[in-house]
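[1] Test case, fold it:
(chains A and B)
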Amino acid sequence: GAGVSQSPSNKVTEKGKDVELRCDPISGHTALYWYRQRLGQGLEFLIYFQGNSAPDKSGLPSDRFSAERTGESVSTLTIQRTQQEDSAVYLCASSPDRGLGEQFFGPGTRLTVL
Amino acid sequence: GEDVEQSLFLSVREGDSSVINCTYTDSSSTYLYWYKQEPGAGLQLLTYIFSNMDMKQDQRLTVLLNKKDKHLSLRIADTQTGDSAIYFCAEKGANFGNEKLTFGTGTRLTIIP
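    I've put the predicted structure just below:
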């Protein structure tokens, strides 16, 4: 079956513009996660969805970042007024349930803010 | 908060064993994971260990957990060129609703022919 997909794979934008990053989780997975990976660093947690609700948004770095999930499926991460420090790979993962919670990762969206 | 640390680089000769180490701070961690990231690819879960286990073996992979020292290691036997990648250690806390994973910075494994 299909894995987690993300689009676009690459996005180059100018400072100050808004961007939307999309994640399509594995069908039937109730949990969805967004992480950010800056160059040469590990993954930073951004937000977690259970169904369409986000019980943990603690990793969103500022109010320029927001995310939503609809139909317990696709999720969109929006970054408003992008800054150069937002440049990173944004990774989405989904998981079928809690407990072991194995997270299956998408290939990521590489965002470059000029 | 939780913190996970790894050394950044490891070089190993082809055919030798690789040992990648990780330390973590959250004593309430429930699951500890090893992920592999190859260039241009997403993270792939290699193996995991539950916090009440000391060891887990899966083909060429052996995970050792020292809960007292909060030390986790991944041993890859008979290392091959295809094992070249960045390996991330991650932990998941025990608190209800705390579903996020906390990752280390990753260890880049280089295979020397």
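[2] how about the residue nearest to residue A:40 when sequence neighbours are not counted, secondary structure?
    Distances taken as C-beta to C-beta, 6 or more residues apart in numbering or on different chains place residue B:105 nearest to residue A:40, at 7.8 Å, with adjacent residues excluded. For the C-beta atoms, the positions are set from N, CA and C on the backbone; glycine is no exception. Taking DSSP: H, G, I helix; E, B strand; the rest coil as the rule, one finds residue B:105 in the coil state.
[3] Residue B:105 contacts residue A:42, correct?
    Yes - in terms of C-beta atoms under 8 Å, residue B:105 counts as a neighbour of residue A:42; the distance is 4.4 Å.
[4] Now the common contact residues for these two.
    With contacts defined as C-beta atoms under 8 Å, 6 or more residues apart in numbering or on different chains, no residue is shared by residue B:105 and residue A:42.
[5] pLDDT score for the residue nearest to residue A:40?
    Note on residue B:105: pLDDT of 91.
[6] and chain B, which residues reach chain A?
    Within chain B, the positions near chain A by C-beta under 8 Å from any C-beta of the partner chain are B:4, B:31, B:35, B:40-45, B:48, B:88, B:90, B:92, B:97-106.
[7] Could you tell me which of these are located in helices?
    Among those, DSSP state H puts none in helices.
[8] Narrow these to those that are buried.
    Burial by neighbour count, judged by 16 or more other C-beta atoms under 10 Å in any protein chain shown, picks out B:4, B:31, B:35, B:42-43, B:48, B:88, B:90, B:92, B:98-106 from the residues of chain B next to chain A.
[9] ok, now which ones touch the residue positioned nearest the centre of chain A?
    Central residue of chain A (C-alpha atoms, centre = their mean): residue A:34, 3.3 Å from the mean position. Counting by C-beta under 8 Å, 6+ apart, residue A:34 makes contact with A:23, A:45, A:46, A:47, A:48, A:67, A:75, A:77, A:90, A:91, A:92.
[10] ditto for residue A:20
    A:76, A:77, A:78.
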